[in-house]
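> pasting the structure only:
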């Protein structure tokens, strides 16, 4: 997800997206342990998107 797309979401959607990404990260961990995960880059992408969304929430709190 790109930064411009993230900025268009409202706070509720941002929080829901964070929860969704955390679930995805957990599923990736299970796949890694069971040997089903071929590439490791989805970890990096999910963690970065979570960080971007948290940054967006913090910026909005400071602006309010």
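Sure, I can see it. In this text, all values refer to a predicted model and were calculated from it rather than measured experimentally.
> count of residues packed around residue 49?
By the criterion of other CB atoms under 10 Å, residue 49 has 20 neighbours. Using the backbone N, CA and C atoms, a C-beta is placed for each residue, glycine as well.
> Pull the contacting residues for it.
By CB atoms under 8 Å, 6 or more residues apart in numbering, the residues touching residue 49 are 1, 17, 21.
> so where does the nearest residue to the first one once chain neighbours are set aside fall, helix or strand?
What that stands for is residue 1. Nearest residue to residue 1, sequence neighbours excluded (CB to CB, 6 or more residues apart in numbering): residue 49, at 5.6 Å. Element membership of residue 49, judged by DSSP states H and E, is helix 41-63.
> Please work out the average pLDDT along that helix.
Averaged across helix 41-63, the pLDDT comes to 96.
> ok, the residue nearest to residue 1 to residue 24 distance?
From residue 49 across to residue 24, the span is 9 Å (CB to CB, to the nearest Å).
> on that earlier part again, report the buried members of the contacts of residue 49.
Buried subset of the contacts of residue 49 (neighbour count, 16 or more other CB atoms under 10 Å): 17, 21.
> Tabulate the contacts of residue 49 (CSV), appending secondary structure, distance to residue 44 and pLDDT.
Putting the contacts of residue 49 into CSV (DSSP: H, G, I helix; E, B strand; the rest coil; distance: CB to CB, whole Å; pLDDT from 0 to 100) gives the following:
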residue, secondary structure, distance to residue 44, pLDDT
1, coil, 14, 83
17, helix, 17, 97
21, helix, 12, 97
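> of the contacts of residue 49, closest to residue 61?
When the contacts of residue 49 are ranked by distance to residue 61 (CB to CB), residue 17 comes first, at 16.7 Å.
> gap between the residue lying closest to that closest one once chain neighbours are set aside and residue 1?
Using CB to CB, 6+ apart and skipping the chain neighbours, the partner closest in space to residue 17 is residue 53 (5.9 Å). Here the criterion is CB to CB. By it, residue 53 lies 8 Å from residue 1.
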